[in-house]
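> Fold the following.
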Amino acid sequence: MAKVRHEAAWYPLEPGETVLDGLLRQGVHVPHACRAGACQSCLMRATSGPVPEAAQVGLKDTLRARGYFLACACRPQEGTALEVAGASELRVPARVVDLESLSGDVLAVRLEVETPLDYRAGQYVTVVRADGLARSYSLASLPREGRLELHVRLVPGGAMSGWFARDVRPGERVHVQGPAGDCFYVPGQPEAPLLLAGTGTGLAPLYGILRDALEEGHTGPIHLFHGALEPRGLYLVDALRALAGRHPNLHYRPCVLGGGGGA
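Have a look, this model is predicted:
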């Protein structure tokens, strides 16, 4: 049986069980979201013991060298002991400065971080609540704007989205971890065509990317398709149409599956 030590206590792991599942099963609060190795919100650091290579896939070399791993992907070998610590040193304190309804089920959450984040529009960050609840959101903002803008879809019964919608007021404190992700604009080919397509709050990173591209002087055609099931699922329509009106190379196409076709 493998075991993991977290905050001075040892916890046994069942055969094939991940560090994340084992700790959660035994009542240990660990920030997590996707549980599939994509969001990196369950990032931990090994202080002693072997870390399986599969638990470090997708991490930066600098993080791997320091012993960081994804708890949701870490399945220690039978008979091994792994001592771990949280990744709190990678989290930056932040506060909510503004909340804005963008549609019936999309809320813009704007944050100010105590330490400036080095990010590119289109990447994502993980928001960690005081109780450890964590969710990852793409960045719709540009670094020069000084605030992080997240587009939060209000999910019925959603723990984090419901908290933002019901309980959070400006001044609320959270932590931000990241950035991560490779979806962003790379200057160097200003005449190349760009195709951006997404549905729902998948617009958030695209909104940041296209504005970044335009500010970088991109001259090639930019085609943005934003889809929704119904017209009410679209948002930022007026802002995007106005942006397209100022930039002839930007072609914006809102699309809906029902309720009258394209908006």
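
> got any ranges where the stretch 151-263 of the chain has weak pLDDT?
Residues of the stretch 151-263 of the chain that meet the criterion pLDDT under 70 lie in 259-263.

> hey, where'd the helices end up in the stretch 1-150 of the chain?
Secondary structure of the stretch 1-150 of the chain (DSSP state H, counting those that start in this stretch): helices at 19-25, 61-65.

> ok, now the stretch 151-263 of the chain?
Counting by DSSP H, counting those that start in this stretch, the helices of the stretch 151-263 of the chain are 159-166, 203-215, 237-246.

> Domain boundaries for this protein, per the record?
Taking the TED database as the reference, the chain has its domains at 3-86, 91-180, 194-256.

> Give the full set of residues in contact with the residue of the chain most remote from its centre.
Distance from the C-alpha centroid of the chain peaks at residue 79, with 34.9 Å (Cα atoms, centre = their mean). By Cβ atoms under 8 Å, 6 or more residues apart in numbering, the residues touching residue 79 are 1, 2. Where C-beta positions appear, they are placed from N, C-alpha and C, glycine not excepted.

> how near is it to residue 49?
Separation of residue 79 from residue 49 (Cβ to Cβ, to the nearest Å): 11 Å.

> next one: residue 252
Residue 252 sits 52 Å away from residue 49, going by Cβ to Cβ.

> So if I had to pick from these two, which one is more boxed in?
residue 252 (21 against 16; other Cβ atoms under 10 Å).

> Would you agree that one is in contact with residue 244?
Yes: counting by Cβ atoms under 8 Å, residue 244 is a contact partner of residue 252 at 4.5 Å.

> tell me, what's touching the two both at once?
With Cβ under 8 Å, 6+ apart, residue 252 and residue 244 have no common neighbours.

> Strands of the stretch 151-263 of the chain, start to end?
Using DSSP state E, counting those that start in this stretch, the strands of the stretch 151-263 of the chain run over 173-180, 194-199, 222-228, 250-256.

> Between the ones you listed, which one is closest to residue 93.
Closest approach to residue 93 among the strands of the stretch 151-263 of the chain is made by strand 173-180 (5.9 Å; Cβ to Cβ).

> Restrict that closest one to CA atoms and write it as PDB.
Taking Å, rounded to 0.1, in the frame of the first residue of the first chain, the C-alpha atoms of strand 173-180 are listed here in PDB:
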ATOM      1  CA  ARG A 173     -10.500  38.100  -1.100                       C
ATOM      2  CA  VAL A 174      -9.400  35.100  -3.200                       C
ATOM      3  CA  HIS A 175      -6.100  33.700  -4.500                       C
ATOM      4  CA  VAL A 176      -5.100  33.300  -8.100                       C
ATOM      5  CA  GLN A 177      -2.800  30.600  -9.400                       C
ATOM      6  CA  GLY A 178      -1.300  30.700 -12.900                       C
ATOM      7  CA  PRO A 179      -1.300  31.600 -15.600                       C
ATOM      8  CA  ALA A 180      -1.300  28.500 -17.700                       C
END
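
> Give me the angle between that strand and helix 159-166.
Angle of strand 173-180 versus helix 159-166, following axes from the mean of the first three to the mean of the last three Cα atoms, to 10 degrees, is 130 degrees.

> List the residues that contact the residue nearest to residue 36 when sequence neighbours are not counted.
Among residues not flanking residue 36 along the chain, residue 72 sits closest, at 6.8 Å (Cβ to Cβ, 6 or more residues apart in numbering). Shown in contact with residue 72 (Cβ under 8 Å, 6+ apart): 18, 19, 20, 21, 32, 34, 35, 36, 37, 42.
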